[in-house]
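Colleague: Show me the folded form of this:
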Amino acid sequence: MKRKSVLAILLSTALTVSTVTPVTAVAAEEPVLQTSQEELPAITDVGTEVNDLVDVSLEQTDEAAGNFRIVFTPDKEMADQFTKFTGKIWIGSEQDVKAAEVKEAVPVYDFTGQNIEKYVIDVEPQKEGELHYYIQPSVFIGEEEIELERLETTVVREAAKEEAAPVSEETQEAEIESRSSQMEITASVNASEKSVQITASGVEGEISKVQFPVWSEQNGQDDIVWYAGVKQEDGTWTVSVPVKNHKSTGNYAVHVYGIKDGKQQFLKATSFSISAPTMEHMSAGEISSNESFRVELQGVSAVSGVQKVMVPVWSQKDQSDLVWYEAKKAASGTYYADVKLKNHQYNEGTYSIHAYVTDENGIQSFVGGIEKSVSKTAGNYSAEEKGDSWKMTLSDASVPGGIKSIKYAVWSEKNGQDDIVWYESEKKGGSYTAEVKLKNHKSLGTYIVHVYAENKAGKMIILQANTFSVQSPKAGNVEITSKDINKGTFTVKVSGITNSSAVREVLVPVWCAADQSDIKWYTASRQSDGSYEAEVNIKNHKYHAGTYTAHIYFKDITGDMNFEGSTSCEMLFKAGDLSVKDTDGTQKRYQASIKNAEIPGGAKEICFAVWSETGGQDDIVWYTAKNGTANIEIKNHKTAGKYNVHAYAVAPNGDMIFLKGTTFNVDAMPGASSVQASNIDGEKGTFNVKISDILAPAGVSKVEVPVWCAGDQSDIKWYTANKNSDGTYSVDVEVKNHKNHFGTYQVHAYVTMENGIRGFVGATTASISAKNYIAVETIDASTVKVTVYNPNSGNVESVEFPTWSETGGQDDIVWYQGTKNRDGSWSATISADKHQDGGKFITHVYANYQGQKIGIGAVSYNLVSGAAARVNKHVNNIYNQVGRDLNACYWWCVNNLSYQTLPIHVTPPAGYTRDQWYSIMAFEQHRGNCFVYAAAFYQLAKGLGYDAQYVEGQVGMAAGGYGPHGWVIIRMNGASYICDPEAQDEIGRYNFYMQPVGNTVLQYKW
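Modeller: Predicted structure coming up:
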């Protein structure tokens, strides 16, 4: 530990007064102690170090045995500042300090016995051989330990010589007895017992020093002091021992030690006794008007004289109110002390009183103790009813030190002290009164009252514990009156109430739902006869139908809620009478009606759920009734057979309430006398189907004819027949609608009546063979496949398909060579890319046979030019990637194109406009200049249906002037916007999408 400056430690110690709390005096012989540390003188030398104030040295006391002494010699002026001196002593290595033995130094007095010369610790090695000791000396200032400079020493404890005969215990005792028999020791206590003169005579002349350790027998050697003897001219050794240097009265032990040849020897022992103070009698008087009582101590005496008498007093077991009173001495010689109750918080109970006498030697001794009872007077309590309050009264009460105030702690017995209220009292004469208001509490019944007195120390002392009772109101009868289902109301009535004056209000919770989700609390109204009524309306309960439960709760004047009973009321639906009839006998329309239904609270509407049994509820329709009636249109269901009708009431809260159900049948089906095929033409690929003599009780709505040739019906087409003037129905069938199949066609006929019911009425077949039949199959917008079936009745060597666009005549005619198919047909693929224009195309078909070119026929169709088709293909592909969204298409252009310098402007190939060719560069090469970016976005926007314009204009340059640039204008909702995807790619921190014209990032000119 680092060396410390003494100043701060000594100053803090000097300013601290520590008190030792007395132990509880369980028995008369256990003293109560109190000590005060006197104020210490201040040290002004800030630079003073503890090592400079205490000299620590080592003295060898027995070289052969290795014994040595640690000597502490404090500065004489500062000696009183040190509490004690200790030493940690160990052998081995310096790091073994944890194994050190701690010893406390004992004082050594000079020959006067008044002054301490030094403090010593004697060390006697227990091992033989060379031993290296470490010593850590410390001094204490108060409780603060300060370590001094560490010391070291090496000693040698010699082993006993083998040739020397061991000295027996008898021999040692004989030597001591011999020395003792040759000397005498006396201890003479003077008359005042303040000092003891110790004399040792007959001491051997070889003795160089004599010491007298003295201690009292009480508490062991805790007060041992070593006194240095003074050799007199007559050879005796003497010392005067001040009794004040020790701690106790009673027997003392005195030993005599001499130093001979550097060795300390015990010489002899004696003893003496110091008388303890005494007291003859102790008493405590009555409490006086100044709230104190006097303690008297008679016959107090001490041989050395009485220095002071202390009287500790307390009333608490933990002595928390302990006060030490210093007794005064009266002229009569009696000692007395006045005990003030306020010093003990005016506590009641048993006060413990002890007496301690400090004699002139400074020794404090317990001389006796008594007890005194300090009690309260509970007084007289009464409680008186005053309507909705009670009057509390207390009289003739008292507490130690007097009553500062009386308080009444009041609470109802129910739920413990959850409603406790403290009432302050009003003093009138010798009585204390308080008004207890029942509304301040939470329930009626039994009330508990505790009465407390507040003493002058603010302590609450209980005086009384009592009760009083208040009757709770009770309900006599609970019933339902004035029930009205159509209005959805009923009345809950509570009558026959006892102690009704204690009722603050009557609450009626009402609900119908099992989970109480529709609960409402009603406050009942008091009637003139003292009963209470609550009007219940089911609109407050979501218009629920069923059993309504009503509970009754009384809230009394304390606000306490108590259940008093319950009742219930049925508010149920009445289904009424449900009927369904065919209004005109055609089975087209039925009328559903419900009568005499009762709906609690009234119905918002009546609905009929209607569906045919066939297919489950796949054709269910809800009909809203008017005045309980609704028309059912069979065409809404389109199915014959059994029908279900369910009637529902819609409650005001929207709930659907099932009332009743019934059924009816729709059984009339359509028919026809014949279904025939005619006018079969293999060259045109057509035939006619006629349906005759149709029978439809509900009238004919339409006639449908499904036709197919393929066995798996993959070429089926449903035709709607036209009605002829003769009442028949017919349809023209074209094989081009059936993948140009030839062979046997299956033909069915279905009639749908005006009530929506469709029925099968007949079937036929038609066989058709191809003859020079020409078909056109669209491959894409710019490509078709032209096929001729059975050309020239199969007499053909090759087939040619000369084709041209109508625009410009035959300036772009191309002769396509046909390819023979496995079924014997011949085909050619026509592409607009091989022609100059789009629009209407014309194809002629020629069969070459035996050197002749035979005209088979001609066909026309429309194709998109090659450029447009090529662009549209890419546009649709991008739509598939990002969706049909303008913003997504804009960002496709920004994120998927990279800039490339191109000539301004490029010349597109034949058949392409410049914006088409620029867009093709964007879609296929994914790079280009600003015109490429703009053209791509233009094509995408136009394909989405936007009013878009591709612009080749100019834009302001950073260096000044304008340069060529391309962008797109979008017009919508009367406004124009500029979209510039290339600028967005180049200057990404700005927004170039949908810039209002006139408010753009860049300056655009066009």
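Colleague: Please identify the buried residues of stretch 90-108?
Modeller: Of all the residues in stretch 90-108, those buried under the rule 16 or more other C-beta atoms under 10 Å are 90-91, 100, 103, 105-108. Bear in mind the C-beta positions are built from the backbone N, C-alpha and C, glycine included.
Colleague: and if you look at stretch 700-710?
Modeller: 700-701, 703-705, 707-709.
Colleague: which outside residues touch that stretch?
Modeller: 635, 670, 689, 691, 694, 714-721, 723, 729, 731, 733, 735, 738-739, 741-754, 756, 758 (C-beta atoms under 8 Å, 6 or more residues apart in numbering).
Colleague: Let's test this: mean pLDDT of that stretch, rounded?
Modeller: Here stretch 700-710 scores 97 as its mean pLDDT.
Colleague: how much distance is there from that stretch to the middle of the chain?
Modeller: Stretch 700-710 sits 70 Å away from the centroid of its parent chain (C-alpha atoms, centre = their mean, to the nearest Å).
Colleague: Kindly report the same for stretch 539-557.
Modeller: Offset of stretch 539-557 from its chain centre (C-alpha atoms, centre = their mean): 37 Å.
Colleague: One more: stretch 335-348?
Modeller: For stretch 335-348, the distance to the chain centre is 56 Å (C-alpha atoms, centre = their mean).
Colleague: Thr547 looks like it's in a strand, true?
Modeller: Yes - membership of Thr547 in a strand is supported by DSSP: H, G, I helix; E, B strand; the rest coil.
Colleague: How much space separates it from Lys635?
Modeller: Using C-beta to C-beta, to the nearest Å, Thr547 is found at 44 Å from Lys635.
Colleague: now Gln126
Modeller: For Gln126 relative to Lys635 (C-beta to C-beta), the value is 125 Å.
Colleague: The two: who's more crowded?
Modeller: Lys635 (15 against 8; other C-beta atoms under 10 Å).
Colleague: from memory that one sits against Arg758, does it?
Modeller: No - assessed by C-beta atoms under 8 Å, Lys635 is found out of contact with Arg758, at 10.6 Å.
Colleague: Name the next helix or strand downstream of the lowest-mean-pLDDT helix or strand in the chain, please.
Modeller: Here the helix or strand of the chain ranked lowest by mean pLDDT, DSSP states H and E is helix 6-14, holding a mean of 40. Going down the chain from helix 6-14, the next helix or strand is helix 50-53, by DSSP states H and E.
Colleague: Tell me the helix or strand right after that next one.
Modeller: For helix 50-53, the succeeding helix or strand toward the C-terminus, using DSSP H and E, is strand 54-62.
Colleague: contact partners of the next helix or strand after that following strand?
Modeller: Downstream of strand 54-62, the next assigned helix or strand under DSSP H and E is strand 67-74. Outside strand 67-74, the residues within contact range by C-beta under 8 Å, 6+ apart are 53-61, 82, 85, 87, 89, 105, 117-125, 133, 135, 137, 139, 151, 153, 155.
Colleague: which of the residues you listed are buried?
Modeller: 53-54, 56, 61, 82, 85, 87, 89, 105, 117-121, 123, 125, 133, 135, 137, 139, 151, 155.
Colleague: What's the mean pLDDT across stretch 158-173?
Modeller: On average, stretch 158-173 scores 49.
Colleague: Could you tell me which of the buried ones among the contacts of strand 67-74 are located in helices?
Modeller: Residues of the buried ones among the contacts of strand 67-74 located in helices (DSSP state H): Leu53.
Colleague: Need the nearest residue in space to Glu152, chain neighbours excluded.
Modeller: Nearest residue to Glu152 in three dimensions, chain neighbours excluded: Tyr134, at 5.7 Å (C-beta to C-beta, 6 or more residues apart in numbering).
Colleague: thinking the one you found is in contact with Thr154, fair?
Modeller: No - counting by C-beta under 8 Å, Tyr134 stays clear of Thr154, with 10.7 Å between them.
Colleague: Strands of the stretch 601-750 of the chain, residue ranges please.
Modeller: 605-612, 621-624, 629-633, 641-650, 656-666, 674-681, 686-692, 700-708, 717-720, 722-723, 729-734, 743-753 (DSSP state E, counting those that start in this stretch).
Colleague: what's the offset of the last one from the middle of its chain?
Modeller: Remark: strand 743-753 is offset 73 Å from the chain centroid, using C-alpha atoms, centre = their mean.
Colleague: List the buried residues of that strand.
Modeller: So for strand 743-753, counting by 16+ other C-beta under 10 Å, buried means 745-753.
Colleague: partner strands of that strand, parallel or antiparallel?
Modeller: According to DSSP bridges, strand 743-753 forms sheet pairs with strand 700-708 (antiparallel), strand 758-768 (antiparallel).
Colleague: which other residues reach that strand?
Modeller: With C-beta under 8 Å, 6+ apart as the test, strand 743-753 has contacts from 588, 638, 668, 670-672, 675, 677, 687, 689, 691, 694, 696-709, 721, 733, 738, 758-768.
Colleague: same deal with the third one?
Modeller: Here strand 629-633 makes contact (C-beta under 8 Å, 6+ apart) with 580, 583, 588-593, 606-608, 610, 621, 623-624, 643, 645, 755-756.
Colleague: now it and strand 656-666, what's the angle there?
Modeller: Using axes from the mean of the first three to the mean of the last three C-alpha atoms, to 10 degrees, the inter-axis angle of strand 629-633 relative to strand 656-666 is 50 degrees.
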